[in-house]
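*Asks:* Need a 3D model of the sequence below.
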Amino acid sequence: MAGAILSFCPARALAAPQAAAGAAVPVESAPGDAESVFLKDSPVCGDRILFGSIGEASNLIPYLTSDSASHEVADLLYVAPLRYNKDLQPEPWAAESYSIEDQGRLMRFTLRKGILWEDGQELTAEDVAFTYKLVTDPATGSPYAEDFLRIKEFRVLDRYRFEARYEQFFARAVSSWMSPILPRHILEGQNIRHTPFARKPVGAGPYRLKSWEPGSRITLTASPTYFAGRPCISEAVYRIIPDGATMFMETRAGRLDVMDLSPLQYLRQTSGPRWEEQFHKYRYLASVYVFLGFNLEHPFFRDVRVRRAISQAINRDDIVKGVLLGQGVPAFGPYKPGSWVYHPTLRPVAQNSAAARALLAEAGFRDTDGDGLLDRDGKALAFTILTNQGNEQRILTATVIQSQLRDVGIDVRIRTVEWAAFIREFVNKGRFDAVILGWTIPQDPDIFQIWHSSQAHDGGLNFTRYKNPELDRLLEEARSTPDQAARAPLYARIQEILAADQPYCFLFVPYALPVVQRRFMGIKPALAGIMYNFEKWWVPRALQRFEITEQ
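*Replies:* Coordinates of the predicted model:
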């Protein structure tokens, strides 16, 4: 799914595309002797793969949700005209071919013939047209509508061909066509906000939804009609385990095949012959940043001095060392170190408690009763950090921040909420003081959806309600500028504004630390991570653990 996606794990190690630096590499240098024997075999079908997921999907219509739990499942159910290859270059997927013409203002697509929906109907350009109209319909309220609202004219040319014309060059045009196609013949005339399709989707992707046991597991089965060929692994199961320690025990016991390790698990709990014989570990800088975001409608956080003071009171190096055990880097903005858009001179905010106290005093806060905590006009400088249950990394980060802010006189409380409710009832509705969350870092640096003032509404991705006219102008100009060299200074200025205003305290970019059971073959680490070719993973017949009855 193109666009921004909220991350619920320490890092979206498995699915999120990786930016220019930090290709996925296995910790082990080579497979063992027994594994080498199987690598010479031809792929066979069968078996089941068990993923561990802290959060449960909320909605399997990707245009209605921004959480990674939903998108990770949906990515296997649908197809899109384009996708990224292993080197993070766009390639045709449902499209047979495409062209970019008229200086980037016109895109033409030809779909492959014979792509079938699960019910046997053929996917056509009319499905693409329906999806485009659905996403841009105000009644849908999609946080991804903006990408498609940039289209001046959409035309279906025939059963398999369509074109999209833009008023001017749009930098995210290509990546926006990596968004899933929905079935017109099923969804037309339905209320997209209340359709049962959200939990019983019909797609044309490599997998189909087999069952959904709320709070327990989502099971997908390989599609026999997938146009690129039936995936080798017969079933993909997402077990919902809202506790990292429990998930680790399940992995160690062989009841999970794939999970994202915590730094402690990666460094200290997964060494020795047993782990080396049974699992592959991977490590690379994730395409995710973690942040403390403020509700800018809160009376304290409207004052930039308070936000800057909080940022200066936080020691990001201590968080990286103490929480991540060194498995990450401090952050100052929304981009990945090593990418072309990364600001050349900005650095993460350094801890300066004296400067933080001075800013808070300038904002009118004093310790009037000698308890060590600040107040103003009789109201204590206190707020609650909200984050999701089961994510120990974020909870520990909140605890460190709580201690560091206490040292400058700020009283912080911490509250955790189950993932789906956290997003649905609190983040989407702006019902929070401050949140600790993560965003995936997309391939194109356009961050309009998260930061433009037009997106500051319930259900919008600018849920902190940040508004800055200069930033709006720069975001609009940058996404309409074709030349990368000309875009770079625009995004540099955007990063400078965010650094000055501190609507988020950007905290860190973590390392992705996935672990995968060794019986799975076909994993080829690349710039895109390890999940880009999941439909090609397979298990040798002698190593298969589950006998799957085909339906």
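*Asks:* contacts, neighbours, all on C-alpha from now
*Replies:* Noted.
*Asks:* you'd agree Asp472 is up against Gln455?
*Replies:* No: proximity of Asp472 to Gln455 does not meet the contact threshold set by C-alpha atoms under 8 Å, at 10.6 Å.
*Asks:* Neighbour count: these two, which is higher?
*Replies:* Gln455 (22 against 16; other C-alpha atoms under 10 Å).
*Asks:* Name the single longest helix found in this protein.
*Replies:* Scanning the chain for the helix with the most residues, using DSSP state H, yields helix 484-501.
*Asks:* Do me a favour and average the pLDDT over stretch 444-454.
*Replies:* Regarding stretch 444-454, the rounded mean pLDDT is 95.
*Asks:* so what's the nearest residue to Ser311 once chain neighbours are set aside up against?
*Replies:* Sequence neighbours aside, Cys505 is the residue nearest to Ser311 in space, at 5.7 Å (criterion: C-alpha to C-alpha, 6 or more residues apart in numbering). Applying C-alpha atoms under 8 Å, 6 or more residues apart in numbering, one finds that Cys505 lies in contact with 291-293, 307, 311, 332.
*Asks:* for the host helix or strand of Cys505, the distance to its chain's centre please.
*Replies:* Using DSSP states H and E, Cys505 sits in strand 504-512. Remark: strand 504-512 is offset 13 Å from the chain centroid, using C-alpha atoms, centre = their mean, to the nearest Å.
*Asks:* What strands line up against whichever helix or strand comes after that strand, and which way round?
*Replies:* Scanning forward in sequence from strand 504-512 by DSSP H and E, the next helix or strand is strand 514-517. Strand 514-517 has the following strand partners under DSSP bridges: strand 258-260 (antiparallel), strand 279-285 (antiparallel).
*Asks:* Output stretch 246-253 as CSV - backbone C-alpha positions only.
*Replies:* The C-alpha coordinates for stretch 246-253 follow below in CSV (Å, rounded to 0.1, in the frame of the first residue of the first chain):
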residue,chain,number,x,y,z
THR,A,246,4.7,-14.3,25.2
MET,A,247,5.4,-14.1,21.5
PHE,A,248,9.0,-14.8,22.0
MET,A,249,8.2,-17.9,24.1
GLU,A,250,5.8,-19.1,21.4
THR,A,251,8.6,-18.7,18.8
ARG,A,252,11.1,-20.5,20.9
ALA,A,253,8.6,-23.3,21.5
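*Asks:* Just the strands from the stretch 301-450 of the chain, written as ranges.
*Replies:* Along the stretch 301-450 of the chain, counting by DSSP state E, counting those that start in this stretch, strands occupy 328-330, 375-376, 379-380, 382-388, 411-417, 434-440.
*Asks:* For the contacts of Cys505, work out which two are farthest apart.
*Replies:* The two members of those with the most space between them (C-alpha to C-alpha) are Arg307 and Phe332, at 14.0 Å.
*Asks:* If you average pLDDT per helix and strand, which one of the chain comes out bottom?
*Replies:* None of the helices or strands of the chain scores lower by mean pLDDT, DSSP states H and E than strand 25-26, at a mean of 46.
*Asks:* On the three-state scheme, Lys133 is what?
*Replies:* Assigned with DSSP: H, G, I helix; E, B strand; the rest coil, Lys133 falls in the helix class.
*Asks:* tell me the pLDDT at it?
*Replies:* Value for Lys133, per-residue pLDDT: 98.
*Asks:* State the distance from it to Phe154.
*Replies:* As defined by C-alpha to C-alpha, to the nearest Å, Lys133 lies at a distance of 9 Å from Phe154.
*Asks:* And for Tyr466?
*Replies:* Tyr466 sits 32 Å away from Phe154, going by C-alpha to C-alpha.
*Asks:* These two: which is more packed in?
*Replies:* Neighbours were counted for Tyr466 and for Phe154 using other C-alpha under 10 Å; Tyr466 has more, 22 against 18.
*Asks:* what's the neighbour count on the residue nearest to Met178 when sequence neighbours are not counted?
*Replies:* Closest residue to Met178 apart from its sequence neighbours, by C-alpha to C-alpha, 6+ apart: Leu82 at 4.7 Å. Using other C-alpha under 10 Å, Leu82 has 23 other residues around it.
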